[in-house]
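Undergrad: Give me coordinates for this.
(2 chains)
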Amino acid sequence: MLVKENKQLTRDILALTLTGAFSYEQATPGQFVNVLIGDGAAHPLRRPISIASANLQEETLSLVYRVVGEGTKWLSERSRGDLIDVFGPLGKGFGAPLEPGKVLIVGGGVGIPPLYQLAKELARQGFKSDIILGFKNQRDVFWTGEFAEFGDVTVCTEDGSTGEKGFVTEVIDMNEDWTTLYSCGPKAMLKALRTHFEGRDIKGYVSLEERMACGVGACWGCTCLDPNGTVAKRICKEGPVFPWEEVSL
Amino acid sequence: MSVDMTVDLAGLQLRNPVMPASGCFGYGREYGEYYSLDELGAVVVKATTRYPRLGNPTPRVTEVAGGMLNAIGLANPGLDEVLAEELPWLSRQNVPIFVNVAGDTVDDYCQVVDRICRSGLAQAIELNVSCPNVKLGGLAFGVDATILRELVQEVRKVCSLPLYVKLSPNVTRVQDLAIAAASGGADGLSLINTLIGMQIDLTKRKPILANKTGGLSGRSIKPVAVRMVYEVAQEVDLPIIGMGGVYSGRDAAEFIMAGAWAVEVGTANFTDPYACPRIIGELRSFMEEEGIKSLEEIRGCAL
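TA: Predicted coordinates for the structure are as follows:
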């Protein structure tokens, strides 16, 4: 695909906008693509990056990623007009709410982007969303305005430098009633959320990440276990989004 | 010019010499969504054990320069489910099936091989005696020539299909293991499995893989693999399936010149999901350009 824009969002997070041949209409919120780094000779493993948005009308695919190593550093150096080999969409995304009512969307750090397309879709379908976006501190904040178009956004930072101070679980108003909770972020956050809502009648979804090799379910590199620890599930194939009662966090 | 890419592997006819390697291709379904599996010479399925195995903790995979490390730990659904769910589907795809078999004991191997042979759902067995990522998992069988010969002898008694033994590179003289497998009754040899490696996370100051060590594969191991195929081909008169960093038709040709009859493609599938059909096309083009009419013409020509 062709790079349209590769824009710095924070010190280490960038938004890559691509255009060209892609199955835009097949991409559902929460799915990911597998991106080839260079010609693959030095970097044989593609980098799994979640889809922030796939826009069929504009023919654009947006990927938001954090620069963590050589592969994502290479990606951050691409600019308009460069070609990038993108394979996907892959995996299973977020399920639609099963009943009418308000939903809660909770994202942490670089786990926020895959929730963008979800928030947009839900708003389009007429669902009201409360959106909680958690960051480490002010310097890490991005896309809070973008999300505000689709619901009521609460921002929190660990040090209180922007928005409310504390973890996402500390700013959730538990007097509200939501049918469904959608979350993506660090595993500790997902675990805390599930514990926080224990006993409540709410359908929860978590998006997991793991080091992957094939990205299509063939190598069993990125598995997680069910809560009993007896059944392995492939994050790239059965996930990355799982109903939270189906996985061990 | 028409080129003949067929190969006769111990009585098993393949339409071409390219097959995905065990562990890199599941039981075929996943890549079967992207291209028709009947383009392949054969499919070598994931290592199958007598009972289901969850495998190692994650992280199980990591990239290194020109390759990757894996420590999956032989995760697989176990023989019963493989026979009930996986092989029936794959056997309808019009492609020969090699079932890779792993175990902890001689009895494990014999039980699995016996039931797979009697199921009629496979065309060949690849005995995995070289997985570096589990404590037992067969590696003990793969590094001791006497133990290996005894294992192959026992498996041979219950194996009615062509029997390939997949050799470990983590030995001093791979030829000795090849000779042991041959004298135990193997019909052919596959080599190489992965080389044991490690990568340290500089931030955490610990190995990246939960298993600490993992098997190195990909482009970086190709020269080692070619050398080992060459050495084994000099000493053992059995068909060899070569593997280790096969990324292109030219890589496949290199293994064949070193003495391989066919090649397996592993890590390349992850870099390019269409690697296998691409490599088949490239090998055909290479043969046409070089005026090579059949694989036999170049097989072992470098020896």
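Undergrad: Local confidence estimate at the residue of the stretch 101-250 of chain B found nearest chain A?
TA: When scored by CB to the nearest CB, the stretch 101-250 of chain B has residue B:218 as its residue closest to chain A, at 4.9 Å. Glycine gets a C-beta too; all of them are placed from N, C-alpha and C. As summarised for this prediction, residue B:218 has a pLDDT of 98.
Undergrad: which residues does it contact?
TA: A:44, B:66, B:67, B:68, B:245, B:266, B:267, B:268 (CB atoms under 8 Å, 6 or more residues apart in numbering or on different chains).
Undergrad: Near the closest residue to residue B:87 other than its chain neighbours, how many other residues are there?
TA: Take residue B:87 and drop its neighbours on the chain: the residue closest to it by CB to CB, 6 or more residues apart in numbering or on different chains is residue B:121, 3.9 Å away. By the criterion of other CB atoms under 10 Å in any protein chain shown, residue B:121 has 19 neighbours.
Undergrad: could you pull out the helices for the chain?
TA: As the question left the chain open, I've gone with chain A. For chain A, the helices defined by DSSP state H occupy A:70-76, A:114-124, A:144-148, A:168-171, A:187-196.
Undergrad: please go with chain B instead
TA: Using DSSP H, helices in chain B cover B:29-32, B:79-81, B:87-90, B:106-119, B:139-143, B:145-158, B:174-184, B:222-235, B:249-257, B:268-271, B:275-290, B:295-298.
Undergrad: among the ones you listed, where is the model least confident on average?
TA: helix B:139-143 (a mean of 79).
Undergrad: For that one, which outside residues touch it?
TA: B:129-132, B:147-148, B:151, B:167-168, B:170-171, B:177, B:193.
Undergrad: start to end distance for stretch B:35-48?
TA: 24 Å (CA to CA, to the nearest Å).
Undergrad: Report the rounded mean pLDDT for that stretch.
TA: 98.
Undergrad: Give the buried residues for it.
TA: B:37, B:40, B:41, B:42, B:43, B:44, B:45, B:46, B:47, B:48 (16 or more other CB atoms under 10 Å in any protein chain shown).
Undergrad: same thing with stretch A:189-202?
TA: Buried, per 16+ other CB under 10 Å, within stretch A:189-202: A:189, A:190, A:192, A:193, A:194, A:196, A:197.
Undergrad: ok, back up a step: nearest to residue B:233 among the buried residues of stretch B:35-48?
TA: Relative to residue B:233, the closest of the buried residues of stretch B:35-48 is residue B:41; by CB to CB it sits at 19.0 Å.
Undergrad: Surely the closest one is in contact with residue B:13?
TA: No - at 9.8 Å, residue B:41 does not count as touching residue B:13 under the criterion of CB atoms under 8 Å.
Undergrad: Could you find the closest non-adjacent residue to the spatially most central residue of chain A?
TA: Geometric centre of chain A, nearest residue: residue A:114, 2.8 Å, by CA atoms, centre = their mean. Spatial nearest neighbour of residue A:114, excluding adjacent residues (CB to CB, 6+ apart): residue A:50 at 3.8 Å.
Undergrad: which residues touch the one you found?
TA: Residue A:50 neighbours (CB under 8 Å, 6+ apart): A:30, A:31, A:32, A:63, A:64, A:113, A:114, A:184, A:207, A:240.
Undergrad: Next: residue B:70.
TA: A:213, A:219, A:221, B:23, B:60, B:61, B:133, B:194, B:214, B:215, B:217.
Undergrad: which parts of chain A sit against chain B?
TA: With the criterion set to CB under 8 Å from any CB of the partner chain, chain A comes near chain B through A:36, A:40-46, A:71, A:87, A:210-225, A:229-230, A:232, A:237.
Undergrad: Which members of these occur in strands, if any?
TA: A:87, A:223, A:224, A:225, A:232 (DSSP state E).
Undergrad: that older thread, please convert the buried members of the residues of chain A next to chain B into PyMOL selection syntax.
TA: Buried residues among these (16+ other CB under 10 Å), as a PyMOL selection:
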select buried, chain A and resi 36+40+43+44+45+46+71+87+210+211+212+213+214+215+216+217+218+219+220+221+222+223+224+225+232+237
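Undergrad: Got the phi and psi for the residue in chain A sticking out farthest from the centre?
TA: Residue farthest from the centre of chain A, counting by CA atoms, centre = their mean, is residue A:41 at 28.1 Å. Main-chain torsions, residue A:41, degrees, to the nearest 10: phi -70, psi -50.
Undergrad: How about residue A:213?
TA: Torsion angles, degrees, to the nearest 10, at residue A:213: phi -110, psi -70.
Undergrad: How about residue A:176?
TA: phi -70, psi 160.
Undergrad: Count the residues that sit near residue A:123.
TA: 15.
Undergrad: isn't it right up against residue A:129?
TA: Yes - between residue A:123 and residue A:129 there is a contact under CB under 8 Å: 6.7 Å.
Undergrad: Good, we can wrap up now.
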